[in-house]
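# Sequence and computational prediction follow.
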Amino acid sequence: MIGGLFIYNHKGEVLISRVYRDDIGRNAVDAFRVNVIHARQQVRSPVTNIARTSFFHVKRSNIWLAAVTKQNVNAAMVFEFLYKMCDVMTAYFGKISEENIKNNFVLIYELLDEILDFGYPQNSETGALKTFITQQGIKSQTKEEQSQITSQVTGQIGWRREGIKYRRNELFLDVLESVNLLMSPQGQVLSAHVSGRVVMKSYLSGMPECKFGMNDKIVIDKQGKGTADETSKSGKQSIAIDDCTFHQCVRLSKFDSERSISFIPPDGEYELMRYRTTKDIILPFRVIPLVREVGRTKLEVKVVIKSNFKPSLLAQKIEVRIPTPLNTSGVQVICMKGKAKYKASENAIVWKIKRMAGMKESQISAEIELLPTNDKKKWARPPISMNFEVPFAPSGLKVRYLKVFEPKLNYSDHDVIKWVRYIGRSGIYETRC
Amino acid sequence: MPAVSKGDGMRGLAVFISDIRNCKSKEAEIKRINKELANIRSKFKGDKALDGYSKKKYVCKLLFIFLLGHDIDFGHMEAVNLLSSNRYTEKQIGYLFISVLVNSNSELIRLINNGIKNDLASRNPTFMNLALHCIANVGSREMAEAFTADIPKILVAGDTMDSVKQSAALCLLRLNRTSPDLVPMGEWTSRVVHLLNDQHLGVVTAATSLITTLAQKNPEEFKTSVSLAVSRLSRIVTSASTDLQDYTYYFVPAPWLSVKLLRLLQCYPPPEEGAVRGRLTECLETILNKAQEPPKSKKVQHSNAKNAVLFEAISLIIHHDSEPNLLVRACNQLGQFLQHRETNLRYLALESMCTLASSEFSHEAVKTHIETVINALKTERDVSVRQRAVDLLYAMCDRSNAQQIVAEMLNYLETADYSIREEIVLKVAILAEKYAVDYTWYVDTILNLIRIAGDYVSEEVWYRVIQIVINRDDVQGYSAKTVFEALQAPACHENLVKVGGYILGEFGNLIAGDPRSSPLIQFNLLHSKFHLCSVPTRALLLSTYIKFVNLFPEIKATIQDVLRSDSQLRNADVELQQRAVEYLRLSCIASTDILATVLEEMPPFPERESSILTKLKKKKGPGKVPDMEETKKERNSDMNGSTEPVSVNSSAVTMSTPSTSTDLLGLGLAPVLNSVAPASAGGSLLVDVFSDNSPAVASLAHTAEENFSSPRIGSADVVSDDPAAAVHDADELVNKFVCKNNGVLFENQLMQIGLKSEFRQNLGRMYIFYGNKTSTQFLSFSTAVICQDALKTQLNIQTKQVDPAVDGGAQVQQILNIECVSDFMEAPILNIQFRYGGALQNMSVKLPVTLNKFFQPTEMTSQDFFQRWKQLSIPQQEVQKIFKAKHPMDTEVTKAKIIGFGVALLDMVDPNPSNFTGAGVIHTKNIQVGCLLRLEPNTQAQMYRLTLRTSRETVSQRLCELLSEQF
């Protein structure tokens, strides 16, 4: 039961303040500002307790969103709501920024009225919200339309209204993964995991029933027992999913019993599932650092990166960030490929490569001059981090099928145009040096 | 100081600062700072030939970044380089950086000190000023060490500029505050004093601050400053307000300097020279006169400055406390302020008056303002002002107005702030006691006090009431009656029940004749309160009941019933249960005679300082309570003899330590009290009343308490604690050591005590060796040196504690440091305690510290000797003794003994060669006593005649006693 919701800009000025319950006073707004935003030491915990009041906050660029409560609520629920709130706002007016929030404050209050009722989260599905909270002003709605909204919002399938019609039935499916890595200087993997999302955009008529299949190990093994052929075909391709969550449209009972993902999709864009894997991850890049300290005033750094995927694929937006000591007074960089620059404001050398094919390698070498300082503190040597984008799923996930059934209307699975795309991005991809 | 020229502004710095100010977020700011730091690093690293301007600019940026809260770990070197620049602004920034960012980095400090030294040596006043400011701002020990020698020279040098002198004085002041031990005193001090005559008022102001501080440290050296300060002050005071130009502040001439001069004068007693004194008096009068003049300006600054000088003058007058005329005028002036609009002024006036009230000259004058003060108490808005008003009322109280003041305070108490109630209660209690004209008034007042503010009445207050009632027969009846009436109120405070219980238990019989307060009614009244009270009070009430059994045999049965009830006999509280059981048995078994003896009326309490006063002092901290006790002693009348404050020395009146007294209690009571209540520490309510540690008094206190709760203990039971009684027959032992310093002091089958001692003038050191003669360990071994009675003040003995375990066959050593304060008779006693095989061993030995140990031999000629001999011819100064020889009469032995005694043996002085003469001086801390002796042996009769002449009778006596035992 969220008692209230506040949105602040980076200075701590209140942009939006909505109080749902009487136990939250006006001074709660200031308490958060004083104790979190203006705190002397940076507040790291997303949950802060001030005078028996709990503040849950998330930060989007320079904007703070804080939910307040005096009760013992489920923190996961509150954060889920806050993230949902961010999604909803993004869906309505794009990037969350001070400017946008100020321009759309009426809309935001309207949304807050709708998605939270006396502190209890309500329907926060963008598609559904957009049917009755519009930015274009209120169209006069017929009685049928109004009752339709009511029945949809209160009915069993709250995320999709009836009577949708498209000339072309189309379906887009993106597998978005971010791969996280921490590697020792010797090349030993200290920790690695992939967190992925399956995002869909569906433009389908009627109330279709969809079925999604991927190379989940459990499913494959189960089928493998039945037919020996399939095991040989896709044997090694299966992946072990550690945990996953689904959009509310997925029938969980069916997933539990048959491990099949079937659902009636919402209209438009949504996130079908989220998952995490930790085994058999394909690491797209390998970073080999070499740091040598030459006396007290010089440091030599050499970094080699190797791409480790099919030569036919191209990685994009590659960026390597090599931290420099705090007493750096000058840097010389030589690199074969891409552009490298010393960024004093970030205390790092940033090396950018536009694209790079698989099974290649490239290197950079830098000479760092140091200024002798009074304190004998040793440089902590932060890890070298990397950013990139590759056109495959580092977890090895494959979409096996996505079937659409609409018995009431006259189109079949074959008539639907389906697009599938894999994007692997770097999360926190670090190598110690 | 030259202003920073326009063209010198640093654009880069301004841009950087405005960039930082425009940053949208913390992250952006950090990014910008990182970028700037990298830039500065590359600049400092790169081209070595950085010009002064850019160096200054970058150091400035670093300083700004540091002040924003980021760590700076470079740039110190560049800042130090700036010190050697010749441009003012560059030097200034260098010094600024160093003052803000200096750390005790050894190499840098050396460089910085070097730079400062150069600037101090330069003739440029602005540079010297910068260097002095830097020293003062940093004020570290290293700097103090390096420069304390130079600064005084600069300060007193004839050719130093005024502004530099000013800075030097303040710098020295600062160093004196941070490391006072390093500032040297020397011939410069006399010249500093003459700075008071300087033309430049700034220099005088700075110098006055310095001199005041130094004069507090060693007043003698700056004594000459008094007359200079007075003349300076008189020049300022008498000058027209326009004369001093820059130093006139809102028409008040040099107020700061005046205040400082007045402060300086407060370090010294009133000047003795008539002229100076007259001039000072004139000054003070002028200041007082000026206060009467109409204000020259309506501005608040004008009146503030004027009043600051005035108040400082008044505190000087109070400090001198010698001019009745001035004191009275000051008092009148303060009286005017009492009704001033400004709260601050009223507060200050009340505070100053408080000190004025303790002066005998102005006490009467202060008293005239009583109405105003009482009014202030009632109407002031600010609690701190009311507090001062209470203080002042307390200070101005004497016999004539006590009734009024106490009544007003009681009145006020009902509405007083909680924070000051306890203090007011104490004050009322003290005043009521001290100025009581008749004790019925006193009892009424205190009971009223308990009624109004019972929660704030501390134990001490009601203990005191009881002490007084018990000591004064004339009020006992009255107080019993009053207490009885007060107790009839439906709700009364627990403290009242305590007082009531105690007094009725003692003197209930005095009012029992009245049918309205018959014994049964008294008992029922008390018992009706019983269940509402806390455990200690119930314990007291139980004691009251047993006293009733004795006083009123007719209600014995009722009381026994009460005691017998389960709520008493099976009370969960051990103390209450024990009392109930024992009192019940006592009342059943004992005959009336025994009861009467056991439960006899309390003996009067010994006279002592009121413990309330002690408490008030503790509460206020030392020095806060005006010492009016001393000044008003003579006003106290005889009837108040019982409570006359004895001394204000707070160390003498520390509260008694309960542990020692309870120990004593257990020791003394154990044999007697097997069947009767041993009063536990919790139950001995009245013990705390006594503020004295001496065992005799403490035991008395216990008898008093025990009297009340249990059978009386004969004084004989307690006597065993007297250490003197147990001392071994050790006089011979001591005599053995009169003429020698080393040897075995004591020996038995368990242990041996050896001794080695050395004495020089009035000081001595004694090594005591405790040898364990057995093969088992001595456990909890402890020793104590006891100086009895007068000896305590005559000898100072310091010991170190010895190890509590002494192994078999081992020896431990203890060192005693002895200081002889004045001549003494008795020898100190060494008390040794240890556990041997389970049994506690206790032994006492007299320590051979005798007066003759502090002899210093004096050689003199025959002529001198007899001349002095004649001078000491008053009969009291001579002691002669004729005695029989105990040992064979051997000339050499006798000589050795006389030398061992400590005097110089004078050969060829006495016309008769067989006679011995000696001379010496006894050194004590207080006095030195010259001493001449003459010993005439008579070999035929085996007799000696010993004659001693000293300047002190007691010394002669004692020495004669000691020496006569030796032959």
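Nice, I can see it. Numbers count the residues shown, from 1 in each chain, chains lettered A, B, ... in the order given.
# What ranges does chain A have for its helices?
Applying DSSP state H to chain A gives helices spanning A:27-32, A:75-93, A:98-103, A:105-115, A:126-132, A:143-154, A:217-226, A:228-234, A:252-258.
# between the ones you listed, which one is nearest to residue B:227?
With C-beta to C-beta as the measure, helix A:27-32 is the member of those nearest residue B:227 (62.5 Å). Any C-beta I mention is one placed from the backbone N, CA and C, and that applies to glycine too.
# what comes into contact with stretch A:116-133?
Stretch A:116-133 is touched from outside by A:1-3, A:5, A:18, A:20-21, A:69, A:77, A:81, A:84-85, A:87-88, A:91-92, A:107, A:110-111, A:114-115, A:149, A:152-153, A:158-161, A:248, A:266-268, A:270, with contacts defined as C-beta atoms under 8 Å, 6 or more residues apart in numbering or on different chains.
# Now do the end-to-end distance for that stretch.
14 Å (C-alpha to C-alpha, to the nearest Å).
# Stretch A:356-373 now?
Stretch A:356-373: ends 40 Å apart by C-alpha to C-alpha.
# which stretches of the stretch 1-150 of chain B aren't confidently modelled?
B:1-8, B:47-48, B:103-106 (pLDDT under 70).
# picking up where we left off before, now the helices of chain A in JSON lines, with distance to residue B:81 and mean pLDDT?
Output for those, formatted as JSON lines (distance: least, C-beta to C-beta, whole Å; pLDDT from 0 to 100):
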{"stretch": "helix A:27-32", "distance to residue B:81": "48", "mean pLDDT": "90"}
{"stretch": "helix A:75-93", "distance to residue B:81": "54", "mean pLDDT": "92"}
{"stretch": "helix A:98-103", "distance to residue B:81": "46", "mean pLDDT": "90"}
{"stretch": "helix A:105-115", "distance to residue B:81": "56", "mean pLDDT": "91"}
{"stretch": "helix A:126-132", "distance to residue B:81": "64", "mean pLDDT": "81"}
{"stretch": "helix A:143-154", "distance to residue B:81": "75", "mean pLDDT": "71"}
{"stretch": "helix A:217-226", "distance to residue B:81": "70", "mean pLDDT": "73"}
{"stretch": "helix A:228-234", "distance to residue B:81": "74", "mean pLDDT": "46"}
{"stretch": "helix A:252-258", "distance to residue B:81": "74", "mean pLDDT": "89"}
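# Relative to residue A:2, how far out is residue A:432?
Residue A:432 is 41 Å from residue A:2, where distance means C-beta to C-beta, to the nearest Å.
# How many neighbouring residues does residue B:349 have?
Residues near residue B:349, counting by other C-beta atoms under 10 Å in any protein chain shown, number 31.
# Relative to residue B:377, how far out is the residue of chain A found nearest chain B?
Chain B sits closest to residue A:344 of chain A, with a gap of 3.2 Å, by C-beta to the nearest C-beta. Using C-beta to C-beta, residue A:344 is found at 69 Å from residue B:377.
# Ok, residue B:366 next?
Distance, residue B:366 to residue B:377, by C-beta to C-beta: 15 Å.
# Got the confidence number for the residue of chain A closest to chain B?
Residue A:344 is assigned 89 on the pLDDT scale.
# How about it: what's its closest non-neighbour residue?
residue B:38 (3.2 Å; C-beta to C-beta, 6 or more residues apart in numbering or on different chains).
# now stretch B:814-824, how far from the chain's geometric center?
Put simply, stretch B:814-824 sits 25 Å off its chain's centre (C-alpha atoms, centre = their mean, to the nearest Å).
# what about that stretch, average pLDDT?
Throughout stretch B:814-824, pLDDT has a mean value of 83.
# again with stretch B:518-538
pLDDT averaged over stretch B:518-538 gives 84.
# With just CA atoms, put it into PDB.
Once non-C-alpha atoms are left out, stretch B:518-538 reads as follows in PDB (Å, rounded to 0.1, in the frame of the first residue of the first chain):
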ATOM      1  CA  SER B 518      -4.000  10.000  70.200                       C
ATOM      2  CA  PRO B 519      -1.400   7.300  69.500                       C
ATOM      3  CA  LEU B 520      -3.900   5.200  67.600                       C
ATOM      4  CA  ILE B 521      -4.900   8.100  65.400                       C
ATOM      5  CA  GLN B 522      -1.200   8.800  64.700                       C
ATOM      6  CA  PHE B 523      -0.600   5.200  63.800                       C
ATOM      7  CA  ASN B 524      -3.600   4.900  61.600                       C
ATOM      8  CA  LEU B 525      -2.700   8.100  59.900                       C
ATOM      9  CA  LEU B 526       0.800   6.900  59.100                       C
ATOM     10  CA  HIS B 527      -0.400   3.500  58.100                       C
ATOM     11  CA  SER B 528      -2.900   4.900  55.700                       C
ATOM     12  CA  LYS B 529       0.000   6.300  53.700                       C
ATOM     13  CA  PHE B 530       2.100   3.100  54.000                       C
ATOM     14  CA  HIS B 531       0.800   1.300  50.900                       C
ATOM     15  CA  LEU B 532       1.300   4.300  48.700                       C
ATOM     16  CA  CYS B 533       5.000   4.600  49.400                       C
ATOM     17  CA  SER B 534       8.200   3.200  48.000                       C
ATOM     18  CA  VAL B 535      10.300   0.500  49.700                       C
ATOM     19  CA  PRO B 536      12.800   2.800  51.500                       C
ATOM     20  CA  THR B 537       9.900   4.900  52.900                       C
ATOM     21  CA  ARG B 538       8.100   1.800  54.000                       C
END
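# Quick check: buried residues in it?
Within stretch B:518-538, the residues that count as buried by 16 or more other C-beta atoms under 10 Å in any protein chain shown are B:518-519, B:521-523, B:526, B:529-530, B:533, B:536-538.
# again with stretch B:459-478
Judged by neighbour count using 16+ other C-beta under 10 Å, the buried positions of stretch B:459-478 are B:459-472, B:475-476, B:478.
# which regions of chain B lie under the pLDDT threshold?
Those would be B:1-8, B:47-48, B:103-106, B:241-243, B:607-611, B:619-734, if you go by pLDDT under 70 across chain B.
# Phi and psi next, for the residue of it found nearest chain A.
As assessed by C-beta to the nearest C-beta, chain A sits closest to residue B:38 within chain B, at 3.2 Å. The phi/psi pair for residue B:38 (degrees, to the nearest 10) reads phi -60, psi -40.
# Go ahead and confirm it touches residue A:327.
No: counting by C-beta atoms under 8 Å, residue B:38 does not reach residue A:327; the two are 9.4 Å apart.
# Contact partners for the spatially most central residue of chain A?
Centroid-nearest residue in chain A: residue A:197, 7.6 Å away (criterion: C-alpha atoms, centre = their mean). Listed by C-beta under 8 Å, 6+ apart, the contact set of residue A:197 reads A:175-177, A:271, A:273-275.
# ok, 7 Å please
A:176, A:271, A:274 (C-beta atoms under 7 Å, 6 or more residues apart in numbering or on different chains).
# ok, it to residue A:176 distance?
On the measure of C-beta to C-beta, residue A:197 and residue A:176 end up 5 Å apart.
# residues touching residue B:571, list them.
For residue B:571, the contact set (C-beta under 7 Å, 6+ apart) comprises B:577, B:580.
# got it, and residue B:302?
B:250-252, B:295-296.
# so residue A:272 touches residue A:200, yeah?
Yes: if you go by C-beta atoms under 7 Å, residue A:272 and residue A:200 touch, sitting 5.0 Å apart.
# before we move on, back to that, show me which of residue A:432 and residue A:2 is the more surrounded one.
Per other C-beta under 10 Å, whichever of residue A:432 and residue A:2 has more neighbours is residue A:2, with 25 against 16.
# Next up, phi/psi of that one, please.
Torsion angles, degrees, to the nearest 10, at residue A:2: phi -80, psi 130.
# is it true that it touches residue A:69?
Yes: counting by C-beta under 7 Å, residue A:2 does reach residue A:69; the two are 5.5 Å apart.
# What parts of the stretch 251-400 of chain A come near chain B?
Taking C-beta under 7 Å from any C-beta of the partner chain as the contact definition, the stretch 251-400 of chain A meets chain B at A:327-330, A:344-347, A:369, A:371, A:373-375.
# Cheers, nothing more for now.
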